[in-house]
Structures are given as C-alpha cells and as structure tokens.
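1. no sequence for this one, just the structure:
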C-alpha cells in the first residue's frame, strides 16, 4: 500500500511540478541525487521557482539569494544540504540550536526530530532520489497541515 501511495505522489508531483516522467525517472534512479535536481524539487514544491524551471535555474536562485555559496548543480546532495533547503524554502521554525546556528547540521537534526527524515541522520550522508522525494513529500504534508 505504501508503494502505491508513493507512486501516486510521484505521478502527482511530476504533473504539479511541470516535470516530465523522464525527469522523475532520472531522479528516482539516482543513488546519489544531484544537487540541482533536489534544489529544483524543493524550490518548485515551495512555490519559489516556476515548475517549468530547470535544475540549473534552481541552483542559480540559491546563489542569487545567498542561500549557498558556489553550489554545483551536478554534485551529490547531502542530508544537511537538503534539510537546510527544506527549512528555508518552507519557512520551518527550528529549535534553539537551529535558531542560533541555522545551518545544515541543525537543519538535519530538526527534520529528523520532526520525523520528516527517517532512516538516515548524519548531515553528511548522501541522499538517493527516492529519499529526497519521500522526505519532500513529508515536508509538504507537514506544511499543508499548518495552513
């Protein structure tokens, strides 16, 4: 049942985010998801970039707005990087440590605490495409519940 729900989320996400099935297939097939792909998915889901943008445009948005320095669209995505993107893009509040030191380390801890991230907890761990989509779905659910 979980796989069916996940598959429906993927299909709905592809349609809602304006991406083709081939893009979603590429993301899902990545053992180490590209930073540009994960940045695109997070920013598009949060409504910060158009769903017709390319992953490179998402990375350019991050650099332009001072979220990251010298990002590489083709490099892998760590849990810390992904968590920091989600916290900022969705405007999630953090605990004391994240409030004092809003970076990748404490963003990862916050998403683990909020049960958005499961199965991995080290900020330096590299994420697969499947993990990014699963965690992003949970973040979107959490955000939707607060509306």
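-> Happy to help now that I have it. Note that this is a predicted model, so its numbers are computed, not measured. Numbering: from 1, shown residues only.

2. hey, let's count contacts and neighbours off CA atoms from now on
-> Fine.

3. buried residues in the helix or strand hosting residue 43?
-> Element membership for residue 43 (DSSP states H and E) is helix 35-45. Residues of helix 35-45 classed as buried by neighbour count (16 or more other Cα atoms under 10 Å): 35, 36, 37, 38, 39, 40, 41, 42, 43, 44, 45.

4. contacts for it next, please.
-> 17, 27, 49-51, 53-59, 72-77, 82, 85-86, 89, 129, 132, 136, 140 (Cα atoms under 8 Å, 6 or more residues apart in numbering).

5. PyMOL command for the buried members of these?
-> This is how PyMOL selects the buried members of the contacts of helix 35-45, with burial counted by 16+ other Cα under 10 Å:
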select buried, resi 17+27+49+50+51+54+55+56+57+58+59+73+76+77+82+85+86+89+129+132+136+140
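
6. in helices only, show me the contacts of helix 35-45.
-> When DSSP state H is applied, the contacts of helix 35-45 are split such that 27, 55-59, 82, 85-86, 89, 129, 132, 136, 140 fall in helices.

7. what's the most distant pair in these?
-> Spanning the widest gap among the ones in helices among the contacts of helix 35-45 are 56 and 140, at 22.3 Å by Cα to Cα.
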